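*Asks:* predicted structure and sequence below. I'll ask about it afterward.
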Amino acid sequence: MKLTKKLVFLALCLIVAAGMVFAGPGGQKGAGGKLKIVYIPKDTVNPYFYAIDVGFKEAIAELGADKFEYVYTGPATAGPTDQVEYIQAAVQNKSTAIFLSANHESALNRYLDEARDAGVKVIIMNQDIPGSESHRDVAIMPASFANVGPLLVELMGKQLNYQGDFAIISATTDAPDQNTWIAGIKQELASNSKYSRMKLVDVVYGDDQPEKSATEMEALITKYPNLKGVIAPTAAGIPAVAKVIQTRRLTGRIKLTGLGLPSTMKEFVDDGTCEAFALWNPPYEGYLGVYLVDAISKGYNPAPGSTFKAGKLGDVSIESNGQILTLKDLMVYDKSNIDQYAPLF
Ligand code: RAM
């Protein structure tokens with residue numbers, strides 16, 4: 001080859017190499033060895049998931065922003081297969097890891113399989129996909145889901161003096177997390193005699209949309225004149241339900257609890273519309289997720305029983321079922337601590 005041809009060839013090789021994606025035991029990496037992380041929330045309008053995003057960004061800043069390519073992307077609506085195109089795009093882009101807050105427990109399995117076959121780590125975020133665990137690598141749980149149902153029934157019971165009709169306003173009908181908690185609520189009611197005078201009259205769905213949640217609350221008030229309480233285990237729904245109670249001056253007559261963000265619930269705790277609700281720490285989930293991917297990129301195998309270091313959260317372990325429990329217990333928020341947490345998430 002002539003010298004000029006050689007130079008052109010060399011230049012072409014360099015261009016190809018620079019744009020190339022490197023795959024190794026620690027997963028695929030982008031140009032310059034960057035870890036490519038995609039987080040697909042249930043939908044991009046629910047502020048709950050912004051709180052998880054905060055944690056991703058915090059850990060990325062700690063480990064070095066130049067080492068990561070991080071994208072927060074997803075559908076505007078939380079339908080069972082609305083996330084498919086975002087999963088496929090992340091695979092095509094040769095991501096290191098996809099974090100997914102799945103809108104269905106099994107409808108996405110084949111896309112998750114395709115992702116894993118292509119070398120992408122699949123981490124279910126803020127929940128698991130019950131019955132489909134073999135289609136993901138790890139699930140990051142915000143807390144132990146076994147504790148959610150019993151805690152919400154107790155928070156409702158305390159406010160109702162353990163008697164009266166109440167309803168559940170959930171998110172989407174297919175949401176794996178919501179359905180696990182609803183089953184837990186029903187089981188607790190059926191098995192604990194302390195709650196025998198409380199009656200669950202209906203389960204309705206606000207789709208994690210404030211307007212729909214409010215409309216469903218209005219309908220419940222009309223349909224059940226004896227309604228004494230509502231459990232809304234959705235961060236998007238609970239403030240919308242609280243607003244209806246407040247606006248209709250039903251504070252104290254219809255009690256409210258559920259899962260919510262301290263930031264959006266503070267005004268309703270302050271005025272007594274919601275005496276107490278629960279949650280965990282969403283930023284911690286994103287934070288330890290980044291440390292997990294970083295550890296994997298250095299050769300860590302997230303097998304049950306193993307541990308990895310997650311910055312300020314210390315040693316984090318993988319449970320026997322492939323789950324990580326970010327926290328074990330939930331936190332309860334009320335007048336005593338709402339001011340402390342409202343500025344955080
Ligand atoms: C909602 C979502 C999410 C849930 C929180 C508490 O907005 O349904 O999955 O974990 O609330």
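*Replies:* Received the coordinates, thanks. Numbers count the residues shown, from 1 in each chain.

*Asks:* for whichever residue of the stretch 51-200 of the chain sits closest to the ligand, what are its contacts?
*Replies:* Nearest residue of the stretch 51-200 of the chain to the ligand (CB to the nearest ligand atom) works out as residue 171 at 4.1 Å. Using the backbone N, CA and C atoms, a C-beta is placed for each residue, glycine as well. The neighbours of residue 171, taking CB atoms under 8 Å, 6 or more residues apart in numbering as the test, are 42, 78, 178, 205, 206, 207, 208, 233, 234, 236, 237.

*Asks:* list the contacts for residue 345?
*Replies:* Residue 345 neighbours (CB under 8 Å, 6+ apart): 51, 54, 261, 262, 263, 281, 282, 283.

*Asks:* tally of neighbours for residue 64?
*Replies:* Residue 64: 9 surrounding residues under other CB atoms under 10 Å.

*Asks:* so which bits of stretch 152-162 are buried?
*Replies:* For stretch 152-162, burial by neighbour count (16 or more other CB atoms under 10 Å) applies to 152, 153, 154, 155, 156, 157, 159, 160.

*Asks:* contact residues of the stretch 51-200 of the chain facing the ligand?
*Replies:* Within the stretch 51-200 of the chain, the positions near the ligand by CB under 6 Å from any ligand atom are 126, 171, 175, 177, 178.

*Asks:* let's see if you can find the most crowded of those.
*Replies:* Highest neighbour count within those, by other CB under 10 Å: residue 171, with 29 neighbours.

*Asks:* what's the spacing between that residue and residue 237?
*Replies:* 6 Å (CB to CB, to the nearest Å).

*Asks:* identify the contacts common to those two.
*Replies:* 206, 208.

*Asks:* continuing past the strand or helix carrying residue 98, what's the next helix or strand?
*Replies:* Per DSSP states H and E: residue 98 is located in strand 97-100. Moving toward the C-terminus from strand 97-100, the next helix or strand (DSSP H and E) is helix 109-117.

*Asks:* now that following helix, how far from the centre of its chain.
*Replies:* Helix 109-117 sits 20 Å away from the centroid of its parent chain (CA atoms, centre = their mean, to the nearest Å).

*Asks:* after it comes which helix or strand?
*Replies:* According to DSSP H and E, the helix or strand after helix 109-117 is strand 121-125.
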